[in-house]
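Trainee: would you be able to build a 3D model of this:
(4 chains)
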Amino acid sequence: MKVKVLIFGQLKDITQSASFEVTDVNDTNEIIERMNNVYPELKKMKYLVAVEKEIIQGNTILRDNFTVALLPPYSGG
Amino acid sequence: MKVKVLIFGQLKDITQSASFEVTDVNDTNEIIERMNNVYPELKKMKYLVAVEKEIIQGNTILRDNFTVALLPPYSGG
Amino acid sequence: MPATKFKNIFIEGPVTPAFIAEKILAHQDKVNIGAHSIFLGQVRADEINGKTVTAIEYTSYEEMALVKMHAIREETFSKFELTCAHVYHSLGIVKSGEISLFVFTSSPHRRAAIDACSEMVERIKKELPVWGKELFDDESYKWKVNN
Amino acid sequence: MPATKFKNIFIEGPVTPAFIAEKILAHQDKVNIGAHSIFLGQVRADEINGKTVTAIEYTSYEEMALVKMHAIREETFSKFELTCAHVYHSLGIVKSGEISLFVFTSSPHRRAAIDACSEMVERIKKELPVWGKELFDDESYKWKVNN
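Mentor: Alright, predicted model coming up:
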């Protein structure tokens, strides 16, 4: 199973990369754990998680080819 | 004593004229009486009266060279 | 007080989109502005008793309107944190589809700009001695009524 | 659902006054419109810790933003009596004094146009995945925070 992870705003300052491909993950908690392991600074950041362009609350099961996005507080306009 | 009377909007459809000079009047009630005598249709109309560009309530004493205006409901914008 | 003391708001004929663009552009050097709110009144081709409005002809007691507008502007500035407030109202003929009222407020922050613009529009409609005469396609007319 | 289903709102660089004029002009053949309400967000040259903002660089999760904007638009149309609603948001660099957000609502009547515009602006600020990076004169930056 393959999942795409998109990174935005100030979070990208930490990861440097805007997009990751992650394999063998089952849910969003696993994604966040892996990201935190590689980029410990992410733990301090405030952000929402979107799965397939919808904000999720709590852990969410993923399916193949899903897109997960980490979204820091919006500041458009 | 000489007073100027200005007529606006639908009231002008009745008086035809936009401006009158009235002499020997003491207050706004006298102005309205005279206008009503000449243009009886004015009695049916709804309007405010301004003296020197300020809306007045009730009868108001006039002074020489004052301007009185008859203002039907506003419909700008 | 001479009428010249008060800023003129009246323009002959419609407010054009180019005029609006020019006024927006003129605010781009005011870099403390974060929000503009604009209201535009456009003449509708209303159908009334089977006849269609082709234009509105506006007249005003201009001297009194400018005194009143001055007071509205002062009161709006004292109530909201505004950088600028501009009002333009047409006199004479404005055809349906054309713009007859342009209210333009600017502020560092959006709520002040939006709320001030909204309040000025309401006050202009209620308090400015301006009259609209709706002209129909058969050359008859009806005096406009604001609500 | 393919992203192409949703109307694009993003433009590269600032919203120009000429673009705004063009959009206003395009509504003059809609003669049932009586009121337009326009909101413009302009980049402020804020001073933060002694440094001045010279520009904001905007990025977005575009695909998600367009889905969300579609929902906001639908909900606004169901709530207010609107003829049109248009939104344009800049991506990339917008210098201080330039415009980065253009919200444009039209209705037969003023309250619907004004209230719908105001509500859309609030929702855009809160709900659209867009990020502004404030660029300073010394080439440092700070991520913008909306309030």
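
Trainee: distance of residue C:145 relative to residue B:71?
Mentor: For residue C:145, the distance to residue B:71 (CB to CB, to the nearest Å) stands at 14 Å. Backbone N, C-alpha and C define where each C-beta goes, glycine included.

Trainee: could you pull up the residues touching the most centrally placed residue in chain A?
Mentor: Most central in chain A under CA atoms, centre = their mean is residue A:70, positioned 3.8 Å from the mean C-alpha point. For residue A:70, the contact set (CB atoms under 8 Å, 6 or more residues apart in numbering or on different chains) comprises A:5-8, A:11, A:35, A:42, A:47-49.

Trainee: hmm, back to that, with neighbour numbers in mind, choose between residue C:145 and residue B:71.
Mentor: Applying other CB atoms under 10 Å in any protein chain shown to residue C:145 and residue B:71 shows that residue B:71 carries more neighbours, namely 19 against 10.

Trainee: quote the end-to-end distance of stretch C:7-21.
Mentor: End-to-end span of stretch C:7-21 (CA to CA, to the nearest Å): 20 Å.

Trainee: for stretch A:13-24, same thing?
Mentor: End-to-end distance for stretch A:13-24: 26 Å, by CA to CA.

Trainee: so does the lengthiest strand in chain C get close to chain D?
Mentor: Determined from DSSP state E, the single longest strand within chain C is strand C:84-95. No - applying CB under 8 Å from any CB of the partner chain, one finds strand C:84-95 separated from chain D by no less than 9.1 Å.

Trainee: run me through the strand neighbours of that strand, direction for each.
Mentor: strand C:10-12 (parallel), strand C:51-60 (antiparallel), strand C:99-107 (antiparallel) (DSSP bridges).

Trainee: highest average neighbour count across the ones you listed?
Mentor: strand C:99-107 (a mean of 25; mean count of other CB atoms under 10 Å in any protein chain shown).

Trainee: what is the distance between that one and the centre of its chain?
Mentor: Between the centre of strand C:99-107 and the centre of its chain there are 6 Å (CA atoms, centre = their mean, to the nearest Å).

Trainee: after that strand, which helix or strand is next?
Mentor: Moving toward the C-terminus from strand C:99-107, the next helix or strand (DSSP states H and E) is helix C:110-127.

Trainee: show me what that following helix is in contact with.
Mentor: With contact meaning CB under 8 Å, 6+ apart, helix C:110-127 is reached by A:77, B:74, B:76-77, C:34-39, C:41, C:68-69, C:72-73, C:76, C:79-82, C:85, C:87, C:89, C:101, C:103-107, C:146, D:39, D:41, D:110, D:114, D:117-118, D:121, D:125.

Trainee: do the same with stretch C:6-16
Mentor: Under the contact criterion CB under 8 Å, 6+ apart, stretch C:6-16 has outside partners C:19, C:40, C:60, C:62, C:65-67, C:69-70, C:73, C:87-95, C:98-102.

Trainee: then stretch A:43-63?
Mentor: Applying CB under 8 Å, 6+ apart, the external contacts of stretch A:43-63 come out as A:1, A:3, A:10-11, A:14, A:25-29, A:31-32, A:36, A:66-73, D:61, D:63-64, D:67-68, D:129.

Trainee: just the buried members of the residues you listed?
Mentor: A:3, A:10-11, A:14, A:25, A:27-28, A:31-32, A:66-73, D:61, D:63-64, D:67-68, D:129 (16 or more other CB atoms under 10 Å in any protein chain shown).

Trainee: in helices only, show me these.
Mentor: Among these, the ones falling in helices (DSSP state H) are A:10-11, A:14, A:28, A:31-32, D:63-64, D:67-68.

Trainee: check chain C for the residue nearest chain B and tell me.
Mentor: Here chain C gets closest to chain B at one residue, residue C:130, 2.8 Å apart by CB to the nearest CB.

Trainee: so what's that residue closest to, chain neighbours aside?
Mentor: Sequence neighbours aside, residue B:76 is the residue nearest to residue C:130 in space, at 2.8 Å (criterion: CB to CB, 6 or more residues apart in numbering or on different chains).
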